[in-house]
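Colleague: have a look; sequence and predicted model below, questions after that.
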Amino acid sequence: MGPPPLLMLTVEAVPMKMFPAVLFVSLLLPQAFGAQDAAPAAEKSQEKPAAEAPAQIYVIVTADRAAVRTLPDKNGPSVMTPEVGQLLQVTGAKRAAFLPVVAPGGYPVWIFGRNLKATDEEGVLEVTANAVNQRPLPSSENKSYPLSRRLHGGDRVRVIGRADETKPMNEDWVQVWSSADSVGWILQSDCSEVKKDGANMWAEAMESFGSRTALEKGSTNPGAKITEDGQDAAVAVAVPAGAAAAARKELNTADELLAAERAKPAPDFTVVKAAYKKVLDKSAGAEIDSRANAGLHLVEALEEAKALESDLEAAKQRRIEDVLSRQKRLWEESRQRDPMIGKYDARGVLERQGRAGEKIRYVLRWGPELVCEVRCASGRYDLDLFAGYELGLKGMLSYSEPDALLADRPVLEVGRIEVLSRR
């Protein structure tokens, strides 16, 4: 260990011939002023300046048709349609083209009444269950996919209204203001960052609207910096930088897998879900866990949408088959009443149909019944010349044409025309 700083300065400041006297005085000085005064000075010189907390980001809405959604996806349900100029606080990292944001005063959401009970404060209800969803619509269907933040027993919410006040509350949906830390997603292109006075603007907004959400049990400070999953940044658990970096890299890989799978006509999200769960197993911090959870929620929503799409396609096929079967049955019934059955594929009087400016189409009528639609794509016959005549037609019959004029009748592509009489 080197000599005290004072001694070093003394040696450098005097001529060599005066060294003994100065050395004696220098050695006495620490004792005269007390050794305890010298130690803090040495410690203070070794202190490092505290790292500054990252600045909070605020944005204002700039697009007329902007929407805050419950998922970072353009097809995600909208929980709020903010006006131009609406101030929002960014709570974490951008996901795809979306920013995670909270709004002063929260979002208008729906909770099923059986999860709520009255309190001694008018217009305020208390949550009675855990993991209660905050939904954008009074519905539990996929179109009302909830916010990632859930409410728990003891949380209090301020009422906006009811879906059907004629019902008991435990059978009705109740609209309330969401918790202050509820995170929604908005397109970054629909916003502009506030460069100056963002914190002051936020404080003013919270003073005006924060009372809507200053009710929850254990809620965070409304003015504090909030992490993406709603935790106060001041109490977030520290995670080693190396572990966080590795988890973030795996999270980015999971996002890439999700994007690639979504582009496929028949996606399989098994590997994607495993990738997100692997990130969650690392417990690499609130922000990373929140992004991984959001990814899993999105995958679940996409799987539900795919299943619904598959069900709708199956129902569509059943309807087509039903129409086809009905067409054939009606056609056969009509043919059985025709005395010239077997000679012609269709028989009746040709009629023109269509209004001015529309495409003219032709149908064959037998008595009061419409027999079929008639077409001649080859151009061999000008069907307009045969309008009003009773015809015997040979050709190709097809059922369930997408643009057929008659829902329950086939389309006949003419191969040969025989004029039977003029009506």
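Modeller: Okay, I see it. Numbering: from 1, shown residues only.
Colleague: shaky segments in this structure?
Modeller: 1-54, 216-241, 327, 330-342, 423 (pLDDT under 70).
Colleague: can I see the domain layout of it?
Modeller: 1-33, 58-232, 241-309, 337-422 (automatic domain parsing).
Colleague: could I get those domains as TSV with mean neighbour count and distance to R326?
Modeller: Any C-beta I mention is one placed from the backbone N, CA and C, and that applies to glycine too. Formatted as TSV, the domains of the chain follow (neighbours: other C-beta atoms under 10 Å; distance: least, C-beta to C-beta, whole Å):
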stretch	mean neighbour count	distance to R326
domain 1-33	11	102
domain 58-232	18	32
domain 241-309	16	26
domain 337-422	15	6
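Colleague: reformat these as a markdown table; add distance to L324.
Modeller: Below are these laid out as a markdown table (distance: least, C-beta to C-beta, whole Å):
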| stretch | distance to L324 |
| --- | --- |
| domain 1-33 | 98 |
| domain 58-232 | 31 |
| domain 241-309 | 23 |
| domain 337-422 | 5 |
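Colleague: between those domains, which one is closest to I320.
Modeller: Within the domains of the chain, the stretch nearest I320 is domain 337-422; the backing value is 5.5 Å (C-beta to C-beta).
Colleague: quick one: that closest one to chain centroid distance?
Modeller: 51 Å (C-alpha atoms, centre = their mean, to the nearest Å).
Colleague: now do stretch 154-171
Modeller: 25 Å.
Colleague: hey, C-alpha coordinates of that stretch in CSV?
Modeller: Taking Å, rounded to 0.1, in the frame of the first residue of the first chain, the C-alpha atoms of stretch 154-171 are listed here in CSV:
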residue,chain,number,x,y,z
GLY,A,154,-59.7,-8.3,-3.8
ASP,A,155,-59.0,-6.0,-6.8
ARG,A,156,-61.5,-3.2,-7.2
VAL,A,157,-62.8,-1.8,-10.4
ARG,A,158,-64.9,1.2,-11.4
VAL,A,159,-68.2,0.5,-13.3
ILE,A,160,-69.0,2.0,-16.7
GLY,A,161,-72.2,0.1,-17.4
ARG,A,162,-74.0,-3.2,-18.0
ALA,A,163,-74.7,-5.3,-21.1
ASP,A,164,-78.3,-6.1,-20.0
GLU,A,165,-79.6,-4.5,-16.9
THR,A,166,-82.7,-6.6,-17.0
LYS,A,167,-80.6,-9.6,-15.9
PRO,A,168,-79.2,-10.3,-12.4
MET,A,169,-75.6,-9.0,-12.2
ASN,A,170,-74.2,-12.6,-11.8
GLU,A,171,-75.7,-13.5,-15.2
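Colleague: residues in contact with it?
Modeller: By C-beta atoms under 8 Å, 6 or more residues apart in numbering, the residues outside stretch 154-171 that reach it are 108, 110-111, 113-114, 116, 119, 121, 123-127, 138, 151, 172-179, 211-213, 215-217.
Colleague: do a quick rundown of the strands in the stretch 1-150 of the chain.
Modeller: 58-61, 68-69, 78-80, 87-90, 98-102, 108-112, 116-118, 124-127 (DSSP state E, counting those that start in this stretch).
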